[in-house]
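Student: Prediction below, plus the sequence it came from.
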Amino acid sequence: MSSGKCAATVTAMLMLVGASLGAENIRKDLHFKVGKRPMISINNPYGPVLVKAGAAHEVVVTAILHSDRVELDQSKSHNRVDIVSHLLPGADPASGIVEYEILVPPDANLTLHSDNGRVRAEKLQGDLTVAANDGAIEVIDCAGGHVHVRTLNGMVSLNNVHGHVEIMSVGGDILMTGVTGTLVAVNSNSGKIEYEGDFAGDGEYAFTSHTGNIEAVAPAYASIDVLARSTNGIVQSDFSLEPKHAPFLVRGANSLSGTLGKAASSVKLFSFSGRIRLKKRQN
Amino acid sequence: MNCLQFENALSDYLEGAGSSEQQAHLSSCSACSSLLADLNLISAEASSLRESDGPAPHVWTALEAQLRREGLIREASRPLLPDFLLRWKTAWLVPVAAALLIAVGIKLYQAPRIGDNQPLAKNVVPRVPVAPVVSVDDKDILTTVASRPPAQVAAYRNDLDQANAFIRDAQESLKNDPNDIYSQQLLINAYEQKQMLYRLAVDQSDEQ
């Protein structure tokens, strides 16, 4: 066989394989007209869910189903849209994957659930609730709503988020950059908690863990009232805090209490055995 | 008097020169009274060391005679240690050991000073692993997830163990100070984690 014929045969085979693989994936496009502040719920056991702000009054869903062992159940009633990836008999974590890309009105309220897929929400202003097992969760450039995240072991990353934030994780690390609000509460077990920001907004920032380390990096101009204690760990601070009465005995290297600036925001860092560190941001 | 002042004057108290202020502090502070009880226990154990008897002299004599008969020891030209050192060794070894024990005990319990960044000595004592306790509810929930892939079940079991460990540790902290609102909050958080685990287990079972 000549080299030209050989190349043509290989190309044809590759095209056939590609076509057969492509045939397994099923694309679904859904459009919904909605009113102000619609409620949108996505429940996807396997696969990523990526949500972005789009046009007002319209929800656009693009879903790629990885096999015919999963189907989409959709319903719309009044101002509410529900989408569920319905696993059929024989579906497993590979064949049950559905990849979602969704455009929603910026003021939409969202409930997202994925067991092991990545969940990403971007540029939203409504309330956001995310529940996941192992997949990473990213919330970026969101403001004005409540952000509630629950995960077992997925990493949680919040970047430039303003509002009422509550995060709970068993083993997943929680990374927050530029997160502010009236309440920023993080409850972790073994996952580490990292915060980098200025604790603005006259808010209450409460980070607690069982064994996970807690590290908060703040600028020298931060205005905070700090209370930190690790029952069996170390507490360290780069700041020279103005001493303040604490509701418990502050002694040694496992607790501290003090204020910085006008103490506008309350910062409570509590752990059972994790290390707690309050670091000064180097400009 | 606060805890730090009490600890600074602790040696006076142990030598019997305690003040009424120290006594008053002890009666109101569980941490310091616990510290004192531990030090007294160490001291008592050290005293009992002093009282323990070694083998009787005739045992040593018989042993030496036996070793000489077997040619294992011969007359030394000079003793390896001077007489006074040998006497010092036998006479003072036990009291010195007792004193060292007390000193180590005090050092272990010495509260760190401001600026210390070292963990408390008691913090570095390795924790005895507690065998996970599986409650009836936990068994039920593990049964609920049992049909999932083995790796998921193992991960879920691990998460449940972590939540239970958190609950146990928070409860232990609360026992030490039942009125500490921050220990109460830790316990609430621990239970919330367990609630989340239960909810996620049930939610996913509904999906399948």
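Tutor: Sure thing, it's come through.
Student: Could you pull up the contacting residues of A:Val104?
Tutor: Applying Cβ atoms under 8 Å, 6 or more residues apart in numbering or on different chains to A:Val104 gives the contacts A:Pro38, A:Ile40, A:Val51, A:Lys52, A:Ala53, A:Gly54, A:Val59, A:Leu110, A:Leu124. Yep, even glycine has a C-beta here, placed from its N, CA and C like the rest.
Student: Please disregard the earlier target; I meant B:Leu142.
Tutor: The contact partners of B:Leu142, by Cβ under 8 Å, 6+ apart, come to B:Val134, B:Val153, B:Tyr156, B:Arg157, B:Leu160.
Student: Narrow these to those in helices?
Tutor: Judged by DSSP state H, the contacts of B:Leu142 include B:Val153, B:Tyr156, B:Arg157, B:Leu160 as members of helices.
Student: Neighbours of the closest residue to the first one other than its chain neighbours, how many?
Tutor: Meaning B:Val153. With sequence-adjacent residues excluded and distances taken as Cβ to Cβ, 6 or more residues apart in numbering or on different chains, B:Val153 is closest to B:Val145, at 5.7 Å. Neighbour count for B:Val145, taken as other Cβ atoms under 10 Å in any protein chain shown: 19.
Student: Thought B:Gln152 was touching B:Val145, still the case?
Tutor: Yes. Under the criterion of Cβ atoms under 8 Å, B:Val145 makes contact with B:Gln152 at 7.1 Å.
Student: which parts of chain A sit against chain B?
Tutor: A:43, A:45, A:87, A:92-93, A:113, A:115, A:131, A:133-134, A:150, A:152-153, A:168, A:170-171, A:187, A:189-190, A:208, A:210, A:227, A:229, A:231-234, A:236, A:247-249, A:251-254, A:268, A:270, A:272-273 (Cβ under 8 Å from any Cβ of the partner chain).
Student: swap the cut-off to 7 Å and go again
Tutor: Contacts of chain A with chain B, taken as Cβ under 7 Å from any Cβ of the partner chain, map to A:45, A:87, A:115, A:131, A:133, A:150, A:152-153, A:168, A:170-171, A:187, A:189-190, A:208, A:210, A:229, A:231-232, A:234, A:236, A:247-249, A:251-254, A:270, A:272.
Student: just checking, B:Glu172 is part of a strand?
Tutor: No. Using DSSP: H, G, I helix; E, B strand; the rest coil, the assignment for B:Glu172 is helix, not a strand.
Student: From A:Phe248, how far out is it?
Tutor: 16 Å (Cβ to Cβ, to the nearest Å).
Student: could you dump the helix or strand hosting B:Leu26 to PDB, C-alpha only?
Tutor: Element membership for B:Leu26, per DSSP states H and E: helix B:20-28. Only the C-alpha atoms of helix B:20-28 are listed here, as PDB (Å, rounded to 0.1, in the frame of the first residue of the first chain):
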ATOM      1  CA  SER B  20      -4.500  33.400 101.000                       C
ATOM      2  CA  GLU B  21      -4.800  35.000  97.600                       C
ATOM      3  CA  GLN B  22      -3.500  31.800  96.000                       C
ATOM      4  CA  GLN B  23      -5.800  29.700  98.100                       C
ATOM      5  CA  ALA B  24      -8.800  31.900  97.000                       C
ATOM      6  CA  HIS B  25      -7.700  31.700  93.400                       C
ATOM      7  CA  LEU B  26      -7.400  27.900  93.600                       C
ATOM      8  CA  SER B  27     -10.900  27.500  95.000                       C
ATOM      9  CA  SER B  28     -12.300  29.500  92.100                       C
END
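Student: and that helix, does that touch chain A?
Tutor: No. Applying Cβ under 7 Å from any Cβ, one finds helix B:20-28 separated from chain A by no less than 12.7 Å.
Student: So which bits of that helix are buried?
Tutor: B:Gln22, B:His25, B:Leu26 (16 or more other Cβ atoms under 10 Å in any protein chain shown).
Student: Now render the residues you listed as TSV, adding distance to A:Pro106 and pLDDT.
Tutor: Shown next, in TSV, are these (distance: Cβ to Cβ, whole Å; pLDDT from 0 to 100):
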residue	distance to A:Pro106	pLDDT
B:Gln22	66	78
B:His25	61	76
B:Leu26	63	79
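Student: what's the burial count for A:Pro143?
Tutor: One thing to correct before we go on: residue A:143 is Ala, not Pro. 15.
Student: In contact with B:Gln184, which residues?
Tutor: By Cβ atoms under 7 Å, 6 or more residues apart in numbering or on different chains, the contact set of B:Gln184 is B:Leu174.
Student: give me that answer again for 10 Å
Tutor: If you count contacts by Cβ atoms under 10 Å, 6 or more residues apart in numbering or on different chains, B:Gln184 has them with B:Ala170, B:Ser173, B:Leu174, B:Asp177, B:Pro178.
Student: With B:Leu160 instead?
Tutor: For B:Leu160, the contact set (Cβ under 10 Å, 6+ apart) comprises A:170, B:132, B:134-135, B:138, B:141-142, B:145, B:193-194, B:197-198, B:201.
Student: quick one: the helices in the chain?
Tutor: Defaulting to chain A. Going by DSSP H, chain A shows helices at A:3-24.
Student: wait, chain B
Tutor: Using DSSP H, helices in chain B cover B:3-8, B:10-14, B:20-28, B:30-51, B:57-69, B:83-109, B:136-145, B:150-176, B:181-207.
Student: the inter-axis angle of the last one versus helix B:150-176?
Tutor: Relative orientation of helix B:181-207 versus helix B:150-176 (axes from the mean of the first three to the mean of the last three Cα atoms, to 10 degrees): 160 degrees.
Student: list the buried ones in helix B:181-207?
Tutor: Within helix B:181-207, the residues scored as buried using 16+ other Cβ under 10 Å are B:182-183, B:185-187, B:189-190, B:193-194, B:196-198, B:200-201, B:204.
Student: Just flag the most distant two among the contacts of B:Leu142.
Tutor: B:Val134 and B:Val153 (13.5 Å; Cβ to Cβ).
Student: Show me what the mean pLDDT comes to for stretch A:109-119.
Tutor: Stretch A:109-119 shows a mean pLDDT of 94.
Student: Dump it to CSV, keeping only the CA atoms.
Tutor: Provided in CSV are the C-alpha atoms of stretch A:109-119 (Å, rounded to 0.1, in the frame of the first residue of the first chain):
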residue,chain,number,x,y,z
ASN,A,109,-31.9,33.0,42.0
LEU,A,110,-30.1,29.7,41.5
THR,A,111,-29.9,26.3,43.2
LEU,A,112,-27.2,24.1,41.7
HIS,A,113,-26.4,20.5,42.7
SER,A,114,-23.7,18.2,41.4
ASP,A,115,-22.2,15.2,43.0
ASN,A,116,-18.8,15.2,41.4
GLY,A,117,-18.8,17.8,38.6
ARG,A,118,-17.4,21.2,38.7
VAL,A,119,-19.8,24.0,39.5
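Student: quick one: which of the buried residues of helix B:181-207 is nearest to chain A?
Tutor: B:Asn189 (4.5 Å; Cβ to the nearest Cβ).
Student: The spatially closest residue to that closest one that is not a sequence neighbour: neighbouring residues, count only.
Tutor: Spatial nearest neighbour of B:Asn189, excluding adjacent residues (Cβ to Cβ, 6+ apart): A:Asn187 at 4.5 Å. By other Cβ under 10 Å, the residues close to A:Asn187 number 27.
Student: on that earlier part again, I'd like the ones in helices among the contacts of B:Leu142 as a markdown table, with distance to B:Ser11 and pLDDT appended.
Tutor: Below are the ones in helices among the contacts of B:Leu142 laid out as a markdown table (distance: Cβ to Cβ, whole Å; pLDDT from 0 to 100):
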| residue | distance to B:Ser11 | pLDDT |
| --- | --- | --- |
| B:Val153 | 57 | 88 |
| B:Tyr156 | 53 | 89 |
| B:Arg157 | 51 | 91 |
| B:Leu160 | 48 | 93 |
